[in-house]
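1. Here is my input, please return the structure:
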Amino acid sequence: MKKLLNGVKSLLSDERGSISSKRFVGIICALFLCVTLYQNSFSEEHIAPSAPLVESVAALAAACLGLTSLDKIFGKVQGGSDGNAPNEPI
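-> Coordinates of the predicted model:
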């Protein structure tokens, strides 16, 4: 059980080890979207959520997880995960 909790914490943590709200929101949105789409594959069409609602949740998940990736990429370019400026060449 402790390994599972550590795995979830590492999944949600950024490079500094703190919990990232963008990762949390993105993963929760993706999880709910998958559950909703799976659930609706067995239900009648009039019970299904509206298309704009599903598209909005998908866009929110993509934006959150995409911004997390951009933070990770540009954090390394701008000086690494500790936020320090890169060393100038000698």
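
2. who does the lengthiest helix in the chain touch, helix- and strand-wise?
-> What stands out as the longest helix in the chain, according to DSSP state H, is helix 51-77. Here helix 51-77 is seen to pack against helix 21-40 when contacts are counted using 3 or more Cβ pairs under 8 Å, 6 or more residues apart in numbering; DSSP states H and E. Where C-beta positions appear, they are placed from N, C-alpha and C, glycine not excepted.

3. Low-confidence bits of this structure, can you list those?
-> Confidence mapping of the chain against pLDDT under 70 gives the ranges 76-90.

4. relative to helix 21-40, how tilted is the longest helix of the chain?
-> Taking axes from the mean of the first three to the mean of the last three Cα atoms, to 10 degrees, helix 51-77 and helix 21-40 form an angle of 150 degrees between their directions.

5. Okay, buried residues for helix 51-77 please.
-> Neighbour-count burial for helix 51-77, counted by 16 or more other Cβ atoms under 10 Å, picks out V57, L60, A61, C64, L65, T68, D71, G75.

6. got the residues you listed as a markdown table, with distance to N40 columns?
-> Converted to a markdown table, the buried residues of helix 51-77 look like this (distance: Cβ to Cβ, whole Å):
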| residue | distance to N40 |
| --- | --- |
| V57 | 13 |
| L60 | 18 |
| A61 | 17 |
| C64 | 22 |
| L65 | 22 |
| T68 | 27 |
| D71 | 33 |
| G75 | 38 |
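
7. Show me which of those is closest to F24.
-> Compare each of the buried residues of helix 51-77 with F24 using Cβ to Cβ and the shortest gap goes to C64, at 8.4 Å.

8. Counting neighbours, what do you get for the closest residue in space to that closest one that isn't next to it in sequence?
-> Closest residue in space to C64, ignoring its immediate chain neighbours: G26 at 3.2 Å, by Cβ to Cβ, 6 or more residues apart in numbering. Taking other Cβ atoms under 10 Å as the criterion, the count of residues near G26 is 22.
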